[in-house]
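Colleague: fold the following, please.
(one chain, ligands or ions: 1)
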Amino acid sequence: MTKTAEPLVRVTGLTKQYGDTLAVDGVDLTVRPGEVYGFLGPNGAGKTTTLRILTGLISPTSGTVRVLGGAPGQAQVLARTGSMIESPAFYPYLSGLDNLRLLAEYAAVPRRRIEEVLTLVDLADRAKDRFSTYSLGMKQRLGVAAALLKDPELVILDEPTNGLDPAGMRDMRQLIRELGTEGRTVVLSSHLLGEVQQICDRVGIISAGRMVAEHDVDDLRNDRELVIQARPLDRAHSVLRGARRSGSAGRRRRRGPRRSGRAPRCPHRPRAAGVRPPPR
Ligand SMILES: Nc1ncnc2c1ncn2[C@@H]1O[C@H](COP(=O)(O)OP(=O)(O)OP(=O)(O)O)[C@@H](O)[C@H]1O
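Modeller: Numbering: from 1, shown residues only. The predicted model follows:
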């Protein structure tokens, strides 16, 4: 794999409008070579739309997008990018192996690479079984195998652990972490902060189409003040009070009765949480 010194992905002022819906609203983001970048946000925040733009599946309404030094969708960019956007689509009546053979033929990938990726995602034993007999976790892993066929420098995965059971999530996270340690650059979307903390080096947080923050994940682990901007303020306060109550109830169940009136502190928990109205 060749490495470029420039950011692998540089997005500036990206917007995407669907009719009346502004799905992505002025997003800036930078992904550096060799990092696992987590694109974190709730449902409908604009993650999939942004990733679809990065992979050239759709065009932005405005903004600049550079991927691997070129425009998304350019042949030389696609040749160095592997992606799994939303649920992977395969022929249900073909085996995992035959599905990958078709894709490999289409992408002019040597057949020996198929074995390699099946081993990498731990599907070699079930490769000859029909896709329709695979569990959700196996389907997702076959999707990652397909994304890796071209031995890409950049791997883009849209919610790769979505719908998986805890064991499937653990396997998928481990696989992604391994891709990162191999020196590949990975961009993944997630709505789970804990997941991003476990597997990513850096995180971009998106909400309602807008990039709220971009951080090294280590910064999230340090005790920092968390400021939530919200409106209306009284509703935000009551949501926060409810979250505190459920958080301390969960800790009591695990650790037994508290000795003092103060809630025990979780090491990854921000030192203080405050709510303030968003800027007008
Ligand atoms: N093809 C489309 N046509 C119209 N609106 C769309 C289209 N695709 C996405 N949207 C809207 O754009 C907004 C962002 O959607 P998007 O799928 O990018 O969010 P997301 O963060 O990926 O959410 P999720 O986690 O649920 O997948 C949503 O309001 C969605 O309804």
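Colleague: tell me the pLDDT of Asp165.
Modeller: Asp165 carries a pLDDT value of 85.
Colleague: so it sits against Gly137, correct?
Modeller: Yes. Between Asp165 and Gly137 there is a contact at 7.0 Å, judged by Cβ atoms under 8 Å. No exception for glycine: its C-beta is placed from N, CA and C like everyone else's.
Colleague: out of those two, which sits in the busier spot?
Modeller: Neighbour tally, Asp165 and Gly137, criterion other Cβ atoms under 10 Å: the higher count belongs to Gly137, 18 against 12.
Colleague: what's the domain layout of this protein?
Modeller: Annotated domains of the chain cover 9-221, 226-276 [automatic domain parsing].
Colleague: the longest one: end-to-end distance?
Modeller: One end of domain 9-221 to the other measures 25 Å (Cα to Cα, to the nearest Å).
Colleague: tell me the SS of Lys128?
Modeller: Assigned state for Lys128: coil (three-state reduction, DSSP: H, G, I helix; E, B strand; the rest coil).
Colleague: bridged to the nearest residue to it once chain neighbours are set aside, which residues?
Modeller: Distance criterion Cβ to Cβ, 6 or more residues apart in numbering; nearest residue to Lys128, sequence neighbours excluded, is Ser95 at 5.0 Å. With DSSP bridges applied, Ser95 shows beta-bridge pairing to Arg130.
Colleague: please report the distance of Ser95 from Gly143.
Modeller: 15 Å (Cβ to Cβ, to the nearest Å).
Colleague: among the domains of the chain, which comes closest to the ligand?
Modeller: The ligand lies closest, by Cβ to the nearest ligand atom, to one member of the domains of the chain: domain 9-221, at 3.2 Å.
Colleague: quick one: that closest one near the ligand?
Modeller: Yes. Contact of domain 9-221 with the ligand (Cβ under 6 Å from any ligand atom) involves Tyr18, Thr21, Ala23, Gly41, Asn43, Gly44, Ala45, Gly46, Lys47, Thr48, Thr49, His191.
Colleague: show me how far that domain is from its chain's centre.
Modeller: Averaging C-alpha positions (Cα atoms, centre = their mean, to the nearest Å) puts domain 9-221 7 Å from its chain's average.
Colleague: that older thread, can I assume the residue nearest to Lys128 is in contact with Phe131?
Modeller: Yes. If you go by Cβ under 8 Å, Ser95 and Phe131 touch, sitting 6.8 Å apart.
Colleague: same question for stretch 233-250, mean pLDDT?
Modeller: 64.
Colleague: now do stretch 108-125
Modeller: The average pLDDT within stretch 108-125 is 91.
Colleague: now what about it, what contacts it?
Modeller: The contact list for stretch 108-125 (Cβ atoms under 8 Å, 6 or more residues apart in numbering) reads 96-97, 100-101, 103-104, 127, 138, 141-142, 144-146, 148-151, 171, 175, 178.
Colleague: could you tell me the end-to-end distance of stretch 116-127?
Modeller: One end of stretch 116-127 sits 12 Å from the other (Cα to Cα).
Colleague: check stretch 86-100 too.
Modeller: Note: stretch 86-100 ends 18 Å apart using Cα to Cα.
Colleague: report the buried residues of that stretch.
Modeller: Pro88, Phe90, Ser95, Gly96, Leu97, Asp98, Asn99, Leu100 (16 or more other Cβ atoms under 10 Å).
Colleague: stretch 77-84 too?
Modeller: Neighbour counts using 16+ other Cβ under 10 Å place Val77, Leu78, Arg80, Thr81, Gly82, Ser83, Met84 of stretch 77-84 among the buried residues.
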